[in-house]
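> here is my input, please return the structure:
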Amino acid sequence: MKRTKFTESQIIKALKENEQGRKVGDLCKEMGIHQATFYNWRKKYLGMDASQLKRLKELEDENMRLKQMYADISLDNQMLKDVLSKKW
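Below you'll find the predicted structure:
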């Protein structure tokens with residue numbers, strides 16, 4: 001997963017400024033991002049505060065670690081099955 005160079009508080013601040021009437025184009029120029037990035041943030045994080053966003057990031061990281069652990073264990077399991085199924 002690609003890491004963002006913006007903190008949760010920066011993302012929330014930009015979304016709040018947009019809600020208060022600031023133009024998307026101006027915010028994007030100031031932050032150095034593409035408008036599509038801003039709209040993706042808005043779609044994903046609208047209505048969240050900084051603590052909720054931080055918790056979401058933690059859960060996503062944990063989910064990624066658990067998926068990796070499952071993949072490793074599945075691979076080990078398959079290798080063991082292959083070894084045990086061979087005739088000596």
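> got the CA positions of the helix or strand encompassing residue 29 in PDB?
Assigned by DSSP states H and E, residue 29 belongs to helix 24-31. Taking Å, rounded to 0.1, in the frame of the first residue of the first chain, the C-alpha atoms of helix 24-31 are listed here in PDB:
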ATOM      1  CA  VAL A  24     -11.000  22.500  -4.600                       C
ATOM      2  CA  GLY A  25      -8.600  23.900  -7.200                       C
ATOM      3  CA  ASP A  26      -7.100  26.300  -4.700                       C
ATOM      4  CA  LEU A  27      -6.700  23.600  -2.100                       C
ATOM      5  CA  CYS A  28      -5.100  21.300  -4.500                       C
ATOM      6  CA  LYS A  29      -2.600  23.900  -5.800                       C
ATOM      7  CA  GLU A  30      -1.700  24.800  -2.200                       C
ATOM      8  CA  MET A  31      -1.200  21.100  -1.200                       C
END
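> how about residues contacting whichever helix or strand comes after that helix?
Scanning the chain past helix 24-31 towards its C-terminal end, the next helix or strand to appear is helix 35-45 (assignment: DSSP H and E). Judged by Cβ atoms under 8 Å, 6 or more residues apart in numbering, the contacts made with helix 35-45 from elsewhere in the structure are 11-12, 14-15, 18, 24-25, 27-28, 31, 53, 56. For glycine as for every other residue, the C-beta is placed from the backbone atoms N, C-alpha and C.
> the inter-axis angle of helix 35-45 versus helix 24-31?
For helix 35-45 and helix 24-31, the angle between their directions (axes from the mean of the first three to the mean of the last three Cα atoms, to 10 degrees) works out to 100 degrees.
> tell me the buried residues in the host helix or strand of residue 66?
Counting by DSSP H and E, the element that carries residue 66 is helix 50-85. Residues of helix 50-85 classed as buried by neighbour count (16 or more other Cβ atoms under 10 Å): residue 53.
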